[in-house]
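S.K.: have a look at this fold, sequence not included:
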């Protein structure tokens, strides 16, 4: 939904605004679009106690169908042989790249975002409230934390960050909005977060590891003819392995010898 918001803006104002203002407004629109969409399951969770996993996953299908509605309709570029994609954005709406590589400025945005999130979580009062609400909601409630507001805020912030990911994907790689712009990156993010133990700085290492898996998958498909399903299977094995190790880190087994004495009645 972040890519939807920024695409709407660029299709309206591309060529009408200076390059710097255009890319900044696309950046903000991506955050707003993703943040508003992410706040929906947050509000349902805070107000009605609806399971956030179910609502967020189901809303993914709604968002994908909404994007397809525009790509197969008003936004489809007739010069692309009727493929579901918009026209290519101008250079003013594209992120700069480093040399002749495909690495673009979105990498810097990712590092800055990680630093900001880490600072908020560990150095601010809001971050303490977020961590306390997640670890012990009862203690947070007794200490006066507005858990409903914190829940909505966290979901909105998460949606805004996802919007930034869409911004980097569209303006740094494809330079247009097209169908299936996200090939399961959100689900991979779940594995990345688990591997990092929900640490913002740890996400850098775990994301780099998963990127190696993805790039290796392309080599395996080309050289050995392995299907992409093998890579997804490998990701699932990694996730279940990490979940299994939590049993040994969070719990401890104790073996006790219990003696049973028999008593007689006189």
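M.R.: Okay, I see it. Every value quoted in this text rests on a predicted model; they were computed, and no experiment measured them.
S.K.: mind listing what the nearest residue to residue 188 once chain neighbours are set aside touches?
M.R.: Spatially, and ignoring its direct neighbours in sequence, residue 188 is nearest to residue 210 (5.9 Å; CB to CB, 6 or more residues apart in numbering). Yep, even glycine has a C-beta here, placed from its N, CA and C like the rest. Residue 210 makes contact with 188, 191-192, 195, 235, according to CB atoms under 8 Å, 6 or more residues apart in numbering.
S.K.: wait, which of those is closest to residue 179?
M.R.: Distance to residue 179 across those (CB to CB) is lowest for residue 188, with 19.0 Å.
S.K.: which elements pack onto the helix or strand bottoming out on mean pLDDT in the chain?
M.R.: Ranked by mean pLDDT, DSSP states H and E, the weakest helix or strand in the chain is helix 229-250, scoring a mean of 77. Using 3 or more CB pairs under 8 Å, 6 or more residues apart in numbering; DSSP states H and E, the elements in contact with helix 229-250 are helix 185-195, helix 200-223.
S.K.: just so I know, which of those helices lies nearest residue 145?
M.R.: helix 200-223 (20.8 Å).
S.K.: okay, the angle between the closest one and helix 229-250?
M.R.: 150 degrees (axes from the mean of the first three to the mean of the last three CA atoms, to 10 degrees).
S.K.: average pLDDT across helix 200-223?
M.R.: What helix 200-223 shows for mean pLDDT is 86.
S.K.: now do stretch 116-125
M.R.: Mean pLDDT, stretch 116-125: 94.
S.K.: got the buried residues for it?
M.R.: For stretch 116-125, the neighbour count (16 or more other CB atoms under 10 Å) marks 117-118, 120-121 as buried.
S.K.: one more: stretch 236-245?
M.R.: Across stretch 236-245, burial judged by 16+ other CB under 10 Å covers 238-239.
S.K.: distance from the chain centre to it, please.
M.R.: Its chain's C-alpha centre and that of stretch 236-245 lie 19 Å apart, by CA atoms, centre = their mean, to the nearest Å.
S.K.: do stretch 52-64 as well
M.R.: 13 Å.
S.K.: nearest to residue 254, of the helices and strands packed on helix 229-250?
M.R.: Of all the helices and strands packed on helix 229-250, it is helix 185-195 that lies closest to residue 254, at 27.2 Å by CB to CB.
S.K.: run through who's touching stretch 212-231.
M.R.: By CB under 8 Å, 6+ apart, the list of residues contacting stretch 212-231 from outside reads 188, 234-235.
S.K.: in ChimeraX, select just the buried ones from those.
M.R.: Buried residues within these, by 16+ other CB under 10 Å, are selected in ChimeraX with:
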select :188,235
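S.K.: got CSV for the contacts of stretch 212-231, with distance to residue 253 too?
M.R.: Formatted as CSV, these follow (distance: CB to CB, whole Å):
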residue, distance to residue 253
188, 33
234, 30
235, 29
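S.K.: which residues touch residue 67?
M.R.: Here residue 67 is in contact with 3-4, 177, 179, 181 (criterion: CB under 8 Å, 6+ apart).
S.K.: narrow those residues to those in strands?
M.R.: Nothing among these maps onto strands, per DSSP state E.
S.K.: can you tell me which of the residues you listed are buried?
M.R.: Counted by 16+ other CB under 10 Å, those give 3-4, 177, 181 as buried.
S.K.: what is the most widely separated pair among the residues you listed?
M.R.: Maximum distance among the buried ones among the contacts of residue 67 (CB to CB): 9.8 Å, for 4 and 181.
S.K.: just to revisit the earlier point, and the gap between the residue nearest to residue 188 and residue 224?
M.R.: Note on residue 210: its distance to residue 224, by CB to CB, to the nearest Å, is 20 Å.
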